[in-house]
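A.B. asks: return a 3D structure for these sequence lines:
(chains A and B)
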Amino acid sequence: MKKCGRCAKPAVLHITEIRHGEVQALHLCESCAKEYLNESEAGGPPPDDDDVGGPSEESESSDTSDDELSSTCPQCGITFKEFRKQGRLGCPHDYTVFHDELMPLLENIHGETQHTGKVPKRAPKASQHQFRLIRLRNRLRAAVDEEMYEEAARLRDEIQSLENEAGSSGNAS
Amino acid sequence: MDLDALTHTSGEWLRANGPDSDIVMSSRIRLARNLADYPFPNRASDAVRADVEQLLRGEIAKSPAGKKLQYVQIDALETLDRQFLVERQLISRELSENHGQRGVGISPEENVSLMVNEEDHLRMQVLRSGFALDECWHDIDAIDDAIESSVTYAFSEQLGYLTACPTNVGTGIRVSVLLHLPGLVMTKEIQKVFQALQKIGLAVRGLYGEGSQAMGDFYQISNQATLGKGEEQIIKTIKDVVPNILAYERKVRTTLVQENRQNLHDQVSRALGNLKHARQISSEETMHLLSSVRMGINLGLIHDLEIPTLNELFIHTQPAHLQKLRHERMETAERNAARADYIRQRLTVPPSSN
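C.D. replies: Predicted structure coming up:
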């Protein structure tokens, strides 16, 4: 068995990388491979000087807090820096929050920044109801399990009113 | 779904009845979709994952676009069963190794698989035997339409379908063909093909996708960019380039036969001999020999075997398949013996009609 090209563990993943016409074979162990794939998924290894994620330790503290506030998604709590590290965003809203930072990256990956493909037909109201109902019913179950009866009662009322709404518009399931 | 029953069957896409299936093992299109208002799976709490799973599982149960799908709850499966589904190309390694509630809806022919809570909430794929990308697109587009008629996908006018990884944003499409290119490998022409493909923005990967080594001379060719071009345009790029690769592979094979028929015949016959008589054999060697034999059949140098049998052996000789077949866990050495037994049996006894 081949040894990992980055550490001493046995290699389990074999990668053939073609970059600028050069073919390079990599043999990596699981943990190094994960690291490597994350690097390449995010569009190549992150640059050494952290040009996007906000200043690191050595910068002044007042700047840091400002900068970190501006680059944290209020919906999922991910920071741009975390994204650079993992190569994965936290929620759809991140594309809005990190718009300015993401655009150069997208341009780099795709060569374009405007979608021209398929467009979804928006889901009808009825099914959105359906989804809210499922969500609320799950929460109700959890509340009952945890003996949070006040919460459960509130959820039950909300579910009932949603069900009535759906029923009155002729969409009972 | 009874996973044990699957050990005796194989996916429709292995039957080699599609166009150009001497070289094109399969065509595949996958779409990545996410539900609006939910964090992506990697950042979702267990409760959110459970919600997403329940919603999408409900969609899968509705037989989108008339596709009857059986749902398999992946987190309820043992490692061996998950590995088994990966080997069959029904789920990705990511789905197998992820955590939390997740699952997959699979069609009985094994040509549709809809994965829930993979890297994205929904990863849909359609597989076909041979070079049949238009058919794949027709099917997956219809499934996508059916599902999006009752869910709200995360979508932006500018960036299209929003995905956990920015490399998939836009169309969320990956169009790929799995090619068997032993001639180009043997003549070392394959590097030229790689370089040409890379220039037009296509990626080359091994049999099991991202990060896998090219085994048995199989190469997966797929688009990289997903934003800025329409789905049909992306499909066309691949459709236009594949015939050139096929012609190249065929030309090289013909030259090999013309210049050195004796040698080639010897090589493929020895490969078959080893497969038929080995008492222990590694997965790697198996793939290598099967590749030779597969080419031998296509060149008319081997007569008493059929391509679908060979295609099936590529999948059925992998570790989880062997262990499922034997109903026991086996270490590498035992597996190598079991693999040799299985191959011997398949190659000497005529295959049953099923």
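
A.B. asks: where do the strands sit along chain A?
C.D. replies: Per DSSP state E, chain A carries strands over the ranges A:13-19, A:22-28.

A.B. asks: would you single out the least confident of the ones you listed?
C.D. replies: If you rank the strands of chain A by mean pLDDT, strand A:13-19 sits at the bottom with a mean of 68.

A.B. asks: pull the helix or strand with minimum mean pLDDT from chain A.
C.D. replies: The helix or strand of chain A with the poorest confidence is helix A:61-70; it has a mean of 45 (mean pLDDT, DSSP states H and E).

A.B. asks: count of residues packed around the residue of the stretch 101-250 of chain B found nearest chain A?
C.D. replies: Residue nearest to chain A within the stretch 101-250 of chain B: residue B:228 (2.3 Å; Cβ to the nearest Cβ). Every residue, glycine included, has its C-beta placed from N, CA and C. By other Cβ atoms under 10 Å in any protein chain shown, 20 other residues sit near residue B:228.

A.B. asks: check whether it really touches residue A:107, as I assumed.
C.D. replies: No - using Cβ atoms under 8 Å, residue B:228 is not in contact with residue A:107, being 9.5 Å away.

A.B. asks: look up how far residue B:231 lies from the closest residue to chain B within chain A.
C.D. replies: Of all residues in chain A, the one sitting closest to chain B is residue A:112 (2.3 Å; Cβ to the nearest Cβ). Distance of residue A:112 to residue B:231, computed by Cβ to Cβ, to the nearest Å: 14 Å.

A.B. asks: also residue B:91?
C.D. replies: Using Cβ to Cβ, residue B:91 is found at 23 Å from residue B:231.

A.B. asks: likewise for residue B:293?
C.D. replies: As judged by Cβ to Cβ, residue B:293 and residue B:231 stand 37 Å apart.

A.B. asks: and residue B:187, what does it touch?
C.D. replies: Residues in contact with residue B:187, defined by Cβ atoms under 8 Å, 6 or more residues apart in numbering or on different chains, are B:252, B:255, B:256.

A.B. asks: just to revisit the earlier point, of residue A:112 and residue B:231, who's got more company?
C.D. replies: residue B:231 (22 against 15).

A.B. asks: and the residue most central in space within chain B, what pLDDT?
C.D. replies: Of all residues in chain B, the one closest to the mean position by Cα atoms, centre = their mean is residue B:89, 4.5 Å from it. pLDDT for residue B:89: 91.

A.B. asks: not counting sequence-adjacent ones, nearest residue to it?
C.D. replies: residue B:127 (6.9 Å; Cβ to Cβ, 6 or more residues apart in numbering or on different chains).

A.B. asks: I'd say that neighbour and residue B:106 touch.
C.D. replies: No - using Cβ under 8 Å, residue B:127 is not in contact with residue B:106, being 10.8 Å away.

A.B. asks: tell me, what's touching the two both at once?
C.D. replies: B:112, B:113.

A.B. asks: and residue B:95, how close does it get to chain A?
C.D. replies: 15 Å (Cβ to the nearest Cβ, to the nearest Å).

A.B. asks: burial count for that residue?
C.D. replies: Residue B:95 has 23 nearby residues by other Cβ under 10 Å.

A.B. asks: name the SS class of the closest residue to it other than its chain neighbours, please.
C.D. replies: For residue B:95, ignoring the flanking residues on the chain, the nearest one in space by Cβ to Cβ, 6+ apart is residue B:118 at 4.5 Å. In three-state terms, and counting by DSSP: H, G, I helix; E, B strand; the rest coil, residue B:118 is coil.

A.B. asks: what's the spacing between residue B:118 and residue B:67?
C.D. replies: To residue B:67, residue B:118 is 18 Å away according to Cβ to Cβ.

A.B. asks: and the two? which has more neighbours close in?
C.D. replies: Per other Cβ under 10 Å, whichever of residue B:118 and residue B:67 has more neighbours is residue B:118, with 25 against 22.

A.B. asks: ok, the more buried one touching residue B:100?
C.D. replies: No - using Cβ under 8 Å, residue B:118 is not in contact with residue B:100, being 11.2 Å away.

A.B. asks: so what sits against both of these two?
C.D. replies: In contact with both residue B:118 and residue B:100: residue B:41, using Cβ under 8 Å, 6+ apart.

A.B. asks: quick revisit: for ChimeraX, what selects the buried ones among the contacts of residue B:187?
C.D. replies: To isolate the buried ones among the contacts of residue B:187 in ChimeraX, judged by 16 or more other Cβ atoms under 10 Å in any protein chain shown, type:
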select /B:252,256
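
A.B. asks: let me have the contacts of residue B:187 in JSON lines, extended by pLDDT.
C.D. replies: JSON lines is the format used below for the contacts of residue B:187 (pLDDT from 0 to 100):
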{"residue": "B:252", "pLDDT": "96"}
{"residue": "B:255", "pLDDT": "95"}
{"residue": "B:256", "pLDDT": "94"}
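
A.B. asks: ok, the contacts of residue B:187 vs chain A, which is closest?
C.D. replies: Chain A lies nearest to residue B:252 out of the contacts of residue B:187, by Cβ to the nearest Cβ, at 18.6 Å.

A.B. asks: run through chain A and note the low-pLDDT ranges.
C.D. replies: Low-confidence segments of chain A, defined by pLDDT under 70: A:1-2, A:16-23, A:37-70, A:122-128, A:130-131, A:166-173.

A.B. asks: domains for it, by residue range?
C.D. replies: Annotated domains of chain A cover A:1-53, A:70-115, A:125-172 [automatic domain parsing].

A.B. asks: show me where the stretch 151-300 of chain B has its strands.
C.D. replies: Here the stretch 151-300 of chain B has its strands, by DSSP state E, counting those that start in this stretch, at B:155-156, B:160-161, B:173-180, B:202-205, B:218-223.

A.B. asks: do you know which of those lies nearest residue B:301?
C.D. replies: Taking Cβ to Cβ, strand B:173-180 is the member of those nearest to residue B:301, at 15.5 Å.

A.B. asks: now for that closest one, which elements pack on it?
C.D. replies: strand B:24-33, helix B:133-148, strand B:218-223, helix B:231-277, helix B:283-298 (3 or more Cβ pairs under 8 Å, 6 or more residues apart in numbering or on different chains; DSSP states H and E).

A.B. asks: please identify the deepest-packed of those.
C.D. replies: For these, average neighbour numbers computed from mean count of other Cβ atoms under 10 Å in any protein chain shown are highest in strand B:24-33, which has a mean of 26.

A.B. asks: dump the helix or strand following it to CSV, keeping only the CA atoms.
C.D. replies: Toward the C-terminus, strand B:24-33 is succeeded by helix B:46-61 as the next helix or strand (DSSP states H and E). C-alpha atoms of helix B:46-61 as CSV (Å, rounded to 0.1, in the frame of the first residue of the first chain):
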residue,chain,number,x,y,z
ASP,B,46,-30.5,17.4,13.9
ALA,B,47,-34.0,18.8,14.1
VAL,B,48,-33.6,20.7,10.9
ARG,B,49,-32.1,17.7,9.1
ALA,B,50,-35.1,15.7,10.3
ASP,B,51,-37.5,18.3,9.0
VAL,B,52,-35.8,18.4,5.6
GLU,B,53,-35.7,14.7,5.4
GLN,B,54,-39.3,14.3,6.1
LEU,B,55,-40.3,17.0,3.5
LEU,B,56,-38.2,15.5,0.8
ARG,B,57,-39.1,11.9,1.7
GLY,B,58,-42.7,12.9,1.2
GLU,B,59,-41.8,14.2,-2.3
ILE,B,60,-40.0,11.0,-3.1
ALA,B,61,-43.0,9.0,-2.0
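
A.B. asks: that concludes my questions; thank you for your assistance.
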